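Chemist: the sequence and its predicted three-dimensional model are supplied below.
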Amino acid sequence: MTRILSARPRRTVLVVEDALTTRCILEQFFARAGCDVLQAADPDTALARLKSSCVDAVILDLRLADDRSGLEVLEYMRLDERFDSVPVVVLTGVTQVEQSEEELIQKYGAHLLYKRFGYRDVVQRLEKIITAVAA
């Protein structure tokens, strides 16, 4: 597996996912791709990690526990100039995203990716996004 922007210093990816197993799998994939990984299981922890760390990209689960949404984090990021240009991939296990959610994802310049495509695809997609942002 290639390293994400191997010519640059290690990148830090924040993974916001309520399922521990999925968080750990994503952490392993990103670590193998040369990234440092921060984890959060809910929007509150995710926002705390954003504020206390230098994050280069964020992976957000669309639907989190307790009827919370990764879109809470996305909306906060886009309204705060410190995080408004950080690349975001919204990851979901649902088969169909509601139109209002899809519109919000597009409005805030995030990328939508379905878990059914596999974690390797998530890493590859993020690599392309970060490379485009860095160019």
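Modeler: That came through fine. Numbering: from 1, shown residues only.
Chemist: now the element after the helix or strand in which residue 13 is found, going C-ward?
Modeler: Assessed by DSSP states H and E, residue 13 sits inside strand 11-16. The element immediately downstream of strand 11-16 (helix or strand, assigned by DSSP H and E) is helix 20-32.
Chemist: ok, residues contacting that next one?
Modeler: The contact list for helix 20-32, computed with CB atoms under 8 Å, 6 or more residues apart in numbering, reads 1, 4, 13, 15, 17, 37, 39, 41, 59, 61, 115, 119-120, 122-123, 126. (C-beta placed from N, C-alpha, C; glycine too.)
Chemist: give me the buried entries from the residues you listed.
Modeler: Among those, those scoring as buried are 4, 13, 15, 17, 37, 39, 41, 59, 61, 115, 119, 122-123, 126 (criterion: 16 or more other CB atoms under 10 Å).
Chemist: pLDDT below threshold where in this protein?
Modeler: Counting by pLDDT under 70, the chain contains low-confidence ranges at 1-9, 130-135.
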